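1. Predicted model, plus sequence, below.
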Amino acid sequence: MEQYDSAIYGERIADVYDELYSWYEEAAVAGLAELARGGRALELGIGTGRIALPLAARGIEVHGIDASPATVSRLKRKLGGADILVTLGDVRELHVSTTFALVYVVFNTFFGLLTQEDQVTCFESVAHCLEPGGVFLIEAFVPDMGRFSQDQTTRTVSVTDDHVSLECTRHDPVLQQCVTQHVFLREGGVRLYPVRIRYAWPSELDLMARIAGLRLRHRWGGWQGEPFAASSQRHISVYERPAVGGT
């Protein structure tokens, strides 16, 4: 995976992504629609439209950015996909001609930025395209070092009569990076779907937001507005660009 970049994951997994991850939480779409307040929304890493399409169906004008032409092509072929304006590009630098009431990145996609510098740059870029009072939402897992033994782990995801799915991960605690292969074993052969992430703690994300001129408005433990607690395995953090004249 020496040549891994932000497009590889999407290009490799595009043909099976909807089969693996077609589900979504209705509360997530409802929450995003409420935060958009009837304005424009921008999804970072829009992929095949798992969240964007149901959000657009609620009357929100959804835009997107993604590095993978293959996943965007699948989005465009879906009902309503042609109506979503998608830019092929890098989420570190958002070259957009308008501002947004909501920018959001879900399903741990923010961690696809592989250095702290890249993550800070993304925060700063998002801040520049938010309307005053607009918000940036991140859904991400809370790092759990207990899942690793000698900085690695192998997990059996599923086993059927004709299919085995494994997840093999190595962890670099210095870089805060995880290198994973999703391995699919079938009679017809083996498929590998690589992913590399750089995780960040919620407090680290808060500092990135402050650097970009944003402030934390909400942090929940789930899409139902559950309190964020020590036992939370994920967080939904909402950062606000202060309104003009705000503090």
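-> Okay, I see it. Owing to the predicted nature of the structure, the values given are computational and were not obtained by experimental measurement.

2. Which residues does the lengthiest strand in the chain contact?
-> Using DSSP state E to assign secondary structure, the strand with the most residues in the chain is strand 130-141. Residues outside strand 130-141 that contact it (CB atoms under 8 Å, 6 or more residues apart in numbering) are 28, 32, 35, 39, 99-108, 110-111, 123, 126-127, 199-200, 205, 209, 214, 217, 233-244, 246. Just so you know, the C-beta spots here come from the backbone N, C-alpha and C atoms, and that holds for glycine as well.

3. What subset of those residues is buried?
-> Buried subset of the contacts of strand 130-141 (neighbour count, 16 or more other CB atoms under 10 Å): 28, 32, 35, 99-108, 110-111, 123, 126-127, 199-200, 205, 209, 214, 234-241.

4. Which of the contacts of strand 130-141 fall in strands?
-> Short answer: the contacts of strand 130-141 in strands (DSSP E) are 100-105, 217, 234-240.

5. nearest to G47, of the residues you listed?
-> V105 (10.9 Å; CB to CB).

6. Need the pLDDT of G47.
-> You'll see G47 listed with a pLDDT of 93.

7. Output the least confident helix or strand in the chain by mean pLDDT as CSV, nothing but the C-alphas.
-> Lowest on mean pLDDT, DSSP states H and E among the helices and strands of the chain sits helix 17-21, with a mean of 73. Provided in CSV are the C-alpha atoms of helix 17-21 (Å, rounded to 0.1, in the frame of the first residue of the first chain):
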residue,chain,number,x,y,z
TYR,A,17,-19.8,-0.5,-1.3
ASP,A,18,-23.6,-0.3,-1.5
GLU,A,19,-23.8,-4.1,-0.8
LEU,A,20,-21.7,-3.7,2.3
TYR,A,21,-22.9,-0.3,3.6
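
8. what's near enough to touch the residue nearest the centre of the chain?
-> Residue closest to the mean C-alpha point of the chain, counted by CA atoms, centre = their mean, is T109 at 2.5 Å. Taking CB under 8 Å, 6+ apart as the contact definition, T109 lies against L44, G45.

9. gap between it and H235?
-> Per CB to CB, to the nearest Å, T109 is found 14 Å from H235.

10. Relative to V159, how far out is the nearest residue to P202 once chain neighbours are set aside?
-> Closest residue to P202 apart from its sequence neighbours, by CB to CB, 6 or more residues apart in numbering: H235 at 5.5 Å. With distances taken as CB to CB, H235 is found 31 Å from V159.

11. try V62
-> According to CB to CB, V62 stands 37 Å off from V159.

12. same thing with E26?
-> Separation of E26 from V159 (CB to CB): 30 Å.

13. Which residue comes closest to E25 once chain neighbours are left out?
-> Excluding the flanking residues, the one nearest E25 by CB to CB, 6+ apart is W223, at 5.0 Å.

14. what do you get for E240?
-> Spatial nearest neighbour of E240, excluding adjacent residues (CB to CB, 6+ apart): R217 at 4.3 Å.

15. Okay, now the unreliable bits of the chain?
-> 1-6, 245-247 (pLDDT under 70).

16. ok, now with 50
-> Scanning the chain with the threshold set as pLDDT under 50 gives 1-2.

17. Got the domain ranges for this structure?
-> As assigned by automatic domain parsing, the chain contains the domains 8-142+200-240, 145-197.

18. Buried deepest among the ones you listed, which one?
-> Mean neighbours per residue, mean count of other CB atoms under 10 Å, is largest over the domains of the chain for domain 8-142+200-240, with a mean of 18.

19. Helices of the protein, residue ranges please.
-> In the chain, the helices defined using DSSP state H lie at 8-13, 17-21, 26-36, 52-56, 69-76, 116-129, 202-211.

20. Which strands and helices lie in contact with the second one?
-> To tie it back to what came earlier, the one meant is helix 17-21. Contacts defined by 3 or more CB pairs under 8 Å, 6 or more residues apart in numbering; DSSP states H and E place helix 17-21 against helix 69-76.

21. Thanks a lot, catch you later.
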